[in-house]
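S.K.: Kindly return the folded structure for what I paste below:
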Amino acid sequence: MPTLSFPYGKEILTCTISDDRFNGELVSQIHYCKADVSQEALVEQALANPTGTPRLSVMSEDKRNVVVIASDHTRPVPSKFIIPPMLAEIRKGNPQAKITILVATGCHRETTGEELAGKFGVEIAERENIVIHDCDKSETVYLGKLPSGGDIIINKIAAEADLLVAEGFIEPHFFAGYSGGRKSVLPGIVKRETVLYNHNAEFIDNPCSRTGILEGNPIHIDMLHAARTARLAFICNVVINARKEIIRAVAGDMDLAHRAGRDFLAGKCQVDAIPADIVISTNGGYPLDQNIYQAVKGMTAAEATVRKGGVIVMLAYSNGGHGSDEFYETFVREKDLERMTETFLKTPKNRTRPDQWEAQILARVLRRAHVVYVSNAPDDIVREFQMIPAHSLEEALGKAEEILGDPQATVTAIPDGVAVMVRE
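M.R.: Purely as a prediction, here's the structure:
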């Protein structure tokens, strides 16, 4: 009988499933990867051999105002290994350059000082000029239209840069296809209305707006255009394993380097669906499972392999509760999932509500399967999302079997739902 392990916050939950019930485990090969050299060396090698651009030191030679877009606290990007060599490259080309690190919060809350120190290291957090983007309050500049018709309104600091560069990481993304690259600009440093237009219900409903798909993905097309319009000239993106260690680094042109990174990733994390009555999934543990909002990502991996009418057991620590007032209130106001979805689809692109997309995707998941949610979130909040609360993996499996009326219901495991791309 296999013993299965699942990341949950900063812990590991385990369970044993009998052979006759266990259908299989969907695991990204990324989890087993380890680089032959140090994380610092991987980044330095990428910066020394960029794809499609000169070295960053060359690009910065005549640039006085350089802005480095950095990921925020919601992403497990090992910035302390990426930002220092990027800053060194810039200063090698131009020691007098004014450098601003612009934290790309998108529509997330402000990153705290403690989180900045943990992310960049104390020295950089205290020494460098760090500005945190606020999608509602930061001064912005209008740069034109998205292919979809929305306005491109970005942080003024980025718009006025002589050289705009970005760090980040590449992982599967449940509606943008992949994270990283162009996402540093949209949604990273744009005004809220630009994010809302890009994340509209029609685009979220598009079958190309799925994990690992970029061809024909309208969300990606808008994002790529916004990054080009903002003149994002150079990126350094990494791929990480389950231990959050860098196993691959790419640098250079924001599209070409990103392609190289995602090609590597796709070769490691695409898996074929293994249908089952019960599918256990996670968000990969901390920091991605801090709330229900983020946990929807891990549910979409299970959605792609659970049988219609089956049960998804979602493990997400959720110490931050629901994670979004608007997301939560949507489920409080509307109990009919079909009507909720119809309302979203009738909403004009320019009237998209904050976090509407997350509610739309969760409603889609719930229309396919029951969800038993293992977390530290209050039970009443979990129930408002039409999920069944549980506080241990054993309790959750018991409830799943009860829902199905079958103590021998088959099980598929997904130890990290945000790290795999499930082919149906």
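S.K.: now the end-to-end length of stretch 19-30.
M.R.: For stretch 19-30, the first-to-last residue distance is 26 Å (CA to CA, to the nearest Å).
S.K.: Let me see the mean pLDDT of it.
M.R.: Stretch 19-30 shows a mean pLDDT of 94.
S.K.: go on, stretch 297-305?
M.R.: Here the average pLDDT along stretch 297-305 is 97.
S.K.: if we look at it, which residues are touching it?
M.R.: 26, 173-174, 211, 273-276, 279-284, 288-289, 312, 314, 316, 361-362, 364-365, 368-369, 371, 412, 414, 416-418, 420, 422-424 (CB atoms under 8 Å, 6 or more residues apart in numbering). C-beta coordinates here come from the backbone N, C-alpha and C atoms, glycine included.
S.K.: Looking at those residues, which are in strands?
M.R.: Of the contacts of stretch 297-305, the ones assigned to strands by DSSP state E are 173, 276, 279-282, 312, 314, 371, 412, 414, 422-423.
S.K.: Can you lay out these as JSON lines showing neighbour count, distance to Ile17 and pLDDT?
M.R.: Shown next, in JSON lines, are those (neighbours: other CB atoms under 10 Å; distance: CB to CB, whole Å; pLDDT from 0 to 100):
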{"residue": "His173", "neighbour count": "24", "distance to Ile17": "29", "pLDDT": "94"}
{"residue": "Ala276", "neighbour count": "22", "distance to Ile17": "10", "pLDDT": "98"}
{"residue": "Val279", "neighbour count": "32", "distance to Ile17": "12", "pLDDT": "98"}
{"residue": "Ile280", "neighbour count": "30", "distance to Ile17": "9", "pLDDT": "98"}
{"residue": "Ser281", "neighbour count": "31", "distance to Ile17": "14", "pLDDT": "98"}
{"residue": "Thr282", "neighbour count": "30", "distance to Ile17": "16", "pLDDT": "98"}
{"residue": "Ile312", "neighbour count": "29", "distance to Ile17": "16", "pLDDT": "98"}
{"residue": "Met314", "neighbour count": "29", "distance to Ile17": "17", "pLDDT": "98"}
{"residue": "Val371", "neighbour count": "26", "distance to Ile17": "19", "pLDDT": "98"}
{"residue": "Thr412", "neighbour count": "25", "distance to Ile17": "10", "pLDDT": "98"}
{"residue": "Ile414", "neighbour count": "33", "distance to Ile17": "13", "pLDDT": "97"}
{"residue": "Val422", "neighbour count": "25", "distance to Ile17": "19", "pLDDT": "95"}
{"residue": "Arg423", "neighbour count": "12", "distance to Ile17": "23", "pLDDT": "87"}
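S.K.: Switch these over to JSON lines; also include distance to Asp205.
M.R.: Below are the ones in strands among the contacts of stretch 297-305 laid out as JSON lines (distance: CB to CB, whole Å):
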{"residue": "His173", "distance to Asp205": "16"}
{"residue": "Ala276", "distance to Asp205": "26"}
{"residue": "Val279", "distance to Asp205": "23"}
{"residue": "Ile280", "distance to Asp205": "27"}
{"residue": "Ser281", "distance to Asp205": "22"}
{"residue": "Thr282", "distance to Asp205": "26"}
{"residue": "Ile312", "distance to Asp205": "20"}
{"residue": "Met314", "distance to Asp205": "22"}
{"residue": "Val371", "distance to Asp205": "20"}
{"residue": "Thr412", "distance to Asp205": "26"}
{"residue": "Ile414", "distance to Asp205": "24"}
{"residue": "Val422", "distance to Asp205": "19"}
{"residue": "Arg423", "distance to Asp205": "20"}
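S.K.: Now do stretch 337-352: distance to the chain's middle.
M.R.: Taking CA atoms, centre = their mean, to the nearest Å, the mean C-alpha location of stretch 337-352 is offset from the chain mean by 23 Å.
S.K.: Setting aside sequence neighbours, what's the nearest residue to Arg231?
M.R.: Counting by CB to CB, 6 or more residues apart in numbering, Leu164 is the residue found nearest to Arg231 once chain neighbours are left out, at 5.6 Å.
S.K.: pretty sure that neighbour contacts Val67?
M.R.: Yes: assessed by CB atoms under 8 Å, Leu164 is found in contact with Val67 at 5.3 Å.
S.K.: which neighbours do those two share?
M.R.: Ala158.
S.K.: Wait, a helix at the residue nearest to Arg231?
M.R.: No: remark: Leu164 does not belong to a helix; assigned using DSSP: H, G, I helix; E, B strand; the rest coil, it is strand.
S.K.: My guess is Asn350 contacts Asp151. True?
M.R.: No: using CB under 8 Å, Asn350 makes no contact with Asp151, being 9.0 Å away.
S.K.: The stretch 101-250 of the chain: helices as residue ranges?
M.R.: 113-120, 122-127, 156-159, 192-198, 201-205, 218-229 (DSSP state H, counting those that start in this stretch).
S.K.: Kindly report the same for the stretch 251-400 of the chain.
M.R.: Counting by DSSP H, counting those that start in this stretch, the helices of the stretch 251-400 of the chain are 256-269, 292-303, 325-333, 337-346, 356-368, 379-384, 393-404.
S.K.: Determine the set of other helices and strands touching the fourth one.
M.R.: Contact partners of helix 337-346 among helices and strands, from 3 or more CB pairs under 8 Å, 6 or more residues apart in numbering; DSSP states H and E: helix 201-205, helix 356-368.
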